[in-house]
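*Asks:* predicted coordinates and the sequence they were generated for:
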Amino acid sequence: MDFRELRFARAMEFTIHEINNRTDLLPGITLGYQIHDSCSEAPMAVKVAFQFANGMEPFYNDTDSCSKSAAAAVPALVGESASTTSISMARNLGLFGIPQVSHYSTCACLSDKRQYPAFLRTIPSDHHQAAALARMVKHFGWTWIGAVRSDTDYGNYGMASFLKAAQEEGICVEYSESYYRTQPRSKLERVANVIRRSTARVIVAFVNSGDMRFLLEELAKQPPPPLQWIGSETWVTHPEFLKYNMCAGAIGFGVPHSVIPGLREFLLDLSPAQALKSPLLTEFWESSFSCSLKGSSEGARGCNGSEDIRALQNPYTDTSQLRITNLVYKATYAIAHAIHGVICNDTQCDKSAKFTPLQILNQLKRVNFTAKNGFQVSFDSSGDPVAVYELINWQKERSATGQTL
């Protein structure tokens, strides 16, 4: 289980609870939600997209009336994280005018409203990140570099944008390699050997976190000479990679960190009984504490109630940065403001109002507000936010642990 993704999902849950307790936004209206795990797989994401469009029943409803299926099961959704799964969902949801607001899908291709008319996002397009990375490489005088990317929509589109910008800056690229973690091991080994034998000591990695983990573990078997890593946002802001010594000094760009009052308390307010109500939370609890909530089974000890969630140190409980988590917060609020704009006036809402996802989509395009934690939320004509980044630099502390600056 990806504990960081679980934090994203629960951040949406927290935000909806916060909205439901407000009197100035959707007064008298209680928002509901459903959370589905795509397992980062496009087929699963497409299945969920069709369920959102048609209803959640996994069977055919053979009746004389189609009135129930005439409206979408949900008016809007938050997600997906990966660009490839978002693309798969957006192609289908766009046909029904169901708005999709992503917190993490950065592929520049998703700005094309002809292909993805109902897609918006609270994270900037990689078009901006790629251009910024090229200018930063030029700034430091690194004109001979290597490049590696994930063989995905995220990596391929992102690297294509970077290479175009790098060429315009007069930067020479010795090699440009790609791989994906499910490809044959020999492909990963070949990419690692290209890096080891290269004369370029600066490497730009437009790689998702899963692929980056495999690459660094492969390189660690026969460490190359010291490298200056230039990282894309997905991995360069991920605390897990601070443990890899070869990444010391890595630089890149990340969306701004934030504070979300009350979120940490919400995440930690979880008991074994509450965890049992959700398969995802059950898996989280059992993975975190190496015990079974349903009693001893298959060699695993039963959880006995002594487990202390506040003592955990993992991506779920880590609220020190809250970069992407804040984008989930903003996306959820954007949808709430859009619904408010359709069914409410200044002081009250029409609980019986009928509305369509297309009405919510049109209102989403016009939202412009400041979130409770001070961050501005709006979308341009491509469904993208204003691009704002922080410069990230990894440094080693005297204790030998890494830190992000």
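*Replies:* On my side now, so go ahead.
*Asks:* so residue 149 versus residue 216, what's the distance?
*Replies:* Distance, residue 149 to residue 216, by C-beta to C-beta, to the nearest Å: 15 Å. In short, each C-beta sits where N, CA and C put it, glycine included.
*Asks:* ok, those two, which is more surrounded?
*Replies:* residue 149 (27 against 20; other C-beta atoms under 10 Å).
*Asks:* that one against residue 163, yeah?
*Replies:* No: counting by C-beta atoms under 8 Å, residue 149 sits too far from residue 163 to count as a contact (9.5 Å).
*Asks:* name the residues contacting each of the two.
*Replies:* residue 176 (C-beta atoms under 8 Å, 6 or more residues apart in numbering).
*Asks:* count the neighbours of residue 225 for me.
*Replies:* With other C-beta under 10 Å as criterion, residue 225 counts 9.
*Asks:* which SS state does it fall under?
*Replies:* What DSSP: H, G, I helix; E, B strand; the rest coil gives for residue 225 is coil.
*Asks:* surely it is in contact with residue 201?
*Replies:* Yes: with contact defined as C-beta under 8 Å, residue 225 counts as touching residue 201 (6.7 Å).
*Asks:* for the chain, what helix or strand is lowest in average pLDDT?
*Replies:* strand 402-404 (a mean of 55; mean pLDDT, DSSP states H and E).
*Asks:* next up, the contacts around residue 35.
*Replies:* 9, 12, 13, 280.
*Asks:* tell me which element it falls in.
*Replies:* Assigned by DSSP states H and E, residue 35 falls within no helix or strand.
*Asks:* for residue 120, same thing?
*Replies:* With DSSP H and E as the test, residue 120 turns up in strand 119-121.
*Asks:* which strands and helices lie in contact with the next helix or strand after that strand?
*Replies:* Sequence order places helix 126-139 as the next helix or strand after strand 119-121, per DSSP H and E. Applying 3 or more C-beta pairs under 8 Å, 6 or more residues apart in numbering; DSSP states H and E, we find helix 126-139 packed against helix 153-168, strand 202-206, strand 228-231, strand 251-254.
*Asks:* buried ones in the first one?
*Replies:* Right, helix 153-168. Within helix 153-168, the residues scored as buried using 16 or more other C-beta atoms under 10 Å are 153-163, 165-166.
*Asks:* tell me the angle of that helix relative to helix 126-139?
*Replies:* Here helix 153-168 runs at an angle of 40 degrees relative to helix 126-139 (axes from the mean of the first three to the mean of the last three C-alpha atoms, to 10 degrees).
*Asks:* tell me the mean pLDDT for helix 153-168?
*Replies:* For helix 153-168, mean pLDDT rounds to 97.
*Asks:* top of the contacts of residue 35 by neighbour count?
*Replies:* The residue in these with the most neighbours, by other C-beta under 10 Å, is residue 12 (21 neighbours).
*Asks:* which ones are touching it?
*Replies:* Listed by C-beta under 8 Å, 6+ apart, the contact set of residue 12 reads 33, 35, 78, 328, 331, 332.
*Asks:* just to be sure, it is in a strand?
*Replies:* No: counting by three-state DSSP, residue 12 is not found in a strand; it is helix.
*Asks:* gap between it and residue 252?
*Replies:* Taking C-beta to C-beta as the measure, residue 12 falls 26 Å from residue 252.
*Asks:* now swap in residue 383 and tell me
*Replies:* Using C-beta to C-beta, residue 383 is found at 24 Å from residue 252.
*Asks:* then residue 38?
*Replies:* Taken as C-beta to C-beta, the span from residue 38 to residue 252 is 26 Å.
*Asks:* so between those two, which is more surrounded?
*Replies:* For residue 38 versus residue 252, the count of surrounding residues by other C-beta under 10 Å is larger for residue 252: 26 against 22.
*Asks:* tell me which element residue 270 is part of?
*Replies:* Counting by DSSP H and E, residue 270 is part of no helix or strand.
*Asks:* same question for residue 186.
*Replies:* Per DSSP H and E: helix 185-197 holds residue 186.
*Asks:* where does this protein dip in pLDDT?
*Replies:* Filtered on pLDDT under 70, the chain yields the residue ranges 55-72, 398-405.
*Asks:* now do the same contact list for residue 165.
*Replies:* Under the criterion of C-beta under 8 Å, 6+ apart, the contact list for residue 165 reads 130, 131, 133, 134, 135.
*Asks:* if you set the cut-off to 7 Å instead, what comes out?
*Replies:* 130, 131, 134 (C-beta atoms under 7 Å, 6 or more residues apart in numbering).
*Asks:* repeat that for residue 244.
*Replies:* The contact partners of residue 244, by C-beta under 7 Å, 6+ apart, come to residue 216.
*Asks:* try 8 Å this time
*Replies:* 216, 220 are the contacts of residue 244 under C-beta under 8 Å, 6+ apart.
*Asks:* need the contacts of residue 12 in a markdown table (columns: secondary structure).
*Replies:* A markdown table is the format used below for these (three-state DSSP):
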| residue | secondary structure |
| --- | --- |
| 33 | coil |
| 35 | coil |
| 78 | strand |
| 328 | helix |
| 331 | helix |
| 332 | helix |
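*Asks:* quick check: the farthest pair among these?
*Replies:* Maximum pairwise distance among the contacts of residue 12 (C-beta to C-beta): 13.7 Å, between 35 and 331.
*Asks:* can you give the distance of the host helix or strand of residue 18 from its chain's centre?
*Replies:* Per DSSP H and E: residue 18 is located in helix 3-20. Distance of helix 3-20 from the chain centroid (C-alpha atoms, centre = their mean, to the nearest Å) equals 13 Å.
*Asks:* got the buried residues for that helix?
*Replies:* 3-12, 14-16, 18-19.
*Asks:* what angle do the helix or strand just after it and helix 153-168 make?
*Replies:* Sequence order places helix 42-54 as the next helix or strand after helix 3-20, per DSSP H and E. Calculated by the same axes, to 10 degrees, helix 42-54 forms an angle of 110 degrees with helix 153-168.
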